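Asks: 3D model of this:
(one chain, ligands or ions: 1)
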Amino acid sequence: MAGQTGSGARARVMGIVNVTPDSFSDGGRLASVEGAVDHALRLIEAGADILDIGGESTRPGADPVSEAEELDRVLPVVEGVRARWDGPISIDTMKPAVARAAVAAGATIWNDVFGLRADGATETAAALGCEVVLMHMQGSPRTMQANPAYDDVVEEVAAWLAERAEAVIGAGVARERIWLDPGLGFGKTAHHNLQLLRGLPRLKGLGFPVLVGASRKRTIQAIDPMASDPLDRLGGSLALHLFAASRGADVIRCHDVRETVQALKVWAALEG
Ligand SMILES: Nc1nc2ncc(COP(=O)(O)OP(=O)(O)O)nc2c(=O)[nH]1
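Replies: Numbering: from 1, shown residues only. The predicted structure follows:
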């Protein structure tokens, strides 16, 4: 994992490759394996440090995808990218079997929005020895936005992430393999998301690299009602991600890689 940020060093950029028909901002755009691999290679060309490949939308109200269907979607893309690039590839999945198969196909990171809570997930992560992203989610993708509520969202998310990290370390996952993620939009209101971004130093204080994904998310529309179309949220995405990097985020997960890399570089140059 790259060095800590906040001292002018650029946060690493994780480019999103959604191999799904229904992702909230780019669903269905990568209809073929070739198209998805080409898109991934374009993200690398644009400066992505990591590629995140996912076969199941986690947007609010998303329909679950079967293990077989998810495998059919992601494995050919992981294999296709790995055959052309030797950089870090993360698999964005909640299913241990999908993570296992993707690592066998060349993925090096398990990005689990469910925080390794599926049956067998911690054992699988320990056995794979890959890096793991533990993300906070209140509820499930189908229910999480119904009525998100916290007394103190920063403290509650920090405590939850600390507990999950200790639990997976106890299950055999090496401490240095763990990244944390506050899960913006996963059981949070726009207000909660902004508070979590302001509270990133508290999450960094847990002693793990922090990943933030605000790209094209609904929080931006809550601030700019004109941005009803996720594709109209680039400016807000860049603002949220620059703020996150300035508060110590180590990895930024985004769709618009070229613009994000450029913004982070200029911001780092300003900070000297
Ligand atoms: N670690 C992490 N993983 C994530 N995976 C998916 C999404 C949702 O965004 P997207 O992939 O664009 O949409 P969808 O889930 O509809 O495919 N957000 C995160 C996030 O914030 N952090």
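Asks: residue of the chain with the smallest distance to the ligand?
Replies: G213 (2.7 Å; C-beta to the nearest ligand atom). Where you see a C-beta, it was placed from the backbone N, CA and C, and this is true even at glycine.
Asks: Could you count how many residues lie near that residue?
Replies: Here the count is done by other C-beta atoms under 10 Å, and G213 has 30 residues near it.
Asks: List the contacts of it.
Replies: Residues near G213 by C-beta atoms under 8 Å, 6 or more residues apart in numbering: 14, 181, 184, 252-254.
Asks: does any part of stretch 58-69 sit near the ligand?
Replies: Yes. Using C-beta under 6 Å from any ligand atom, stretch 58-69 reaches the ligand at 58-59.
Asks: Contacts for that stretch next, please.
Replies: With C-beta under 8 Å, 6+ apart, stretch 58-69 has contacts from 20, 22-24, 55-57, 73, 92, 94-95, 97-98, 113, 141-142, 144-145, 185-186.
Asks: just to revisit the earlier point, report the buried members of the contacts of G213.
Replies: Buried members of those, scored by 16 or more other C-beta atoms under 10 Å, are 14, 181, 184, 252-254.
Asks: Kindly present the residues you listed as TSV, with separate columns for pLDDT.
Replies: As requested, the buried ones among the contacts of G213 are arranged in TSV below (pLDDT from 0 to 100):
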residue	pLDDT
M14	98
D181	98
L184	98
I252	98
R253	98
C254	98
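Asks: which of the residues you listed lies closest to A167?
Replies: Each of the buried ones among the contacts of G213 was scored against A167 by C-beta to C-beta, and D181 proved nearest at 15.8 Å.
Asks: So that closest one sits against L134, correct?
Replies: Yes. With contacts counted by C-beta atoms under 8 Å, D181 reaches L134, the gap being 6.8 Å.
Asks: Mind exporting the C-alpha coordinates of the longest strand seen in the chain to CSV?
Replies: For the chain, the strand with the greatest residue count under DSSP state E is strand 12-18. C-alpha atoms of strand 12-18 as CSV (Å, rounded to 0.1, in the frame of the first residue of the first chain):
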residue,chain,number,x,y,z
ARG,A,12,-3.8,6.4,-5.5
VAL,A,13,-6.7,6.2,-8.0
MET,A,14,-8.9,3.1,-8.3
GLY,A,15,-10.7,3.1,-11.7
ILE,A,16,-14.1,1.5,-11.7
VAL,A,17,-15.0,-1.3,-14.2
ASN,A,18,-18.6,-2.2,-13.7
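Asks: and that strand, what other elements does it pack with?
Replies: Counting contacts by 3 or more C-beta pairs under 8 Å, 6 or more residues apart in numbering; DSSP states H and E, strand 12-18 is packed against helix 33-45, strand 50-54, strand 251-254, helix 257-271.
Asks: between these, which gets nearest to E156?
Replies: It is, among these and with distance given as C-beta to C-beta, strand 251-254, at 21.9 Å.
Asks: Name the strands paired with the closest one and say parallel or antiparallel.
Replies: Note on strand 251-254: by DSSP bridges, its sheet partners are strand 12-18 (parallel), strand 211-212 (parallel).
Asks: Pick the most buried one from the ones you listed.
Replies: Sort the strands paired with strand 251-254 by mean neighbour count, taking mean count of other C-beta atoms under 10 Å, and strand 211-212 sits at the top with a mean of 28.
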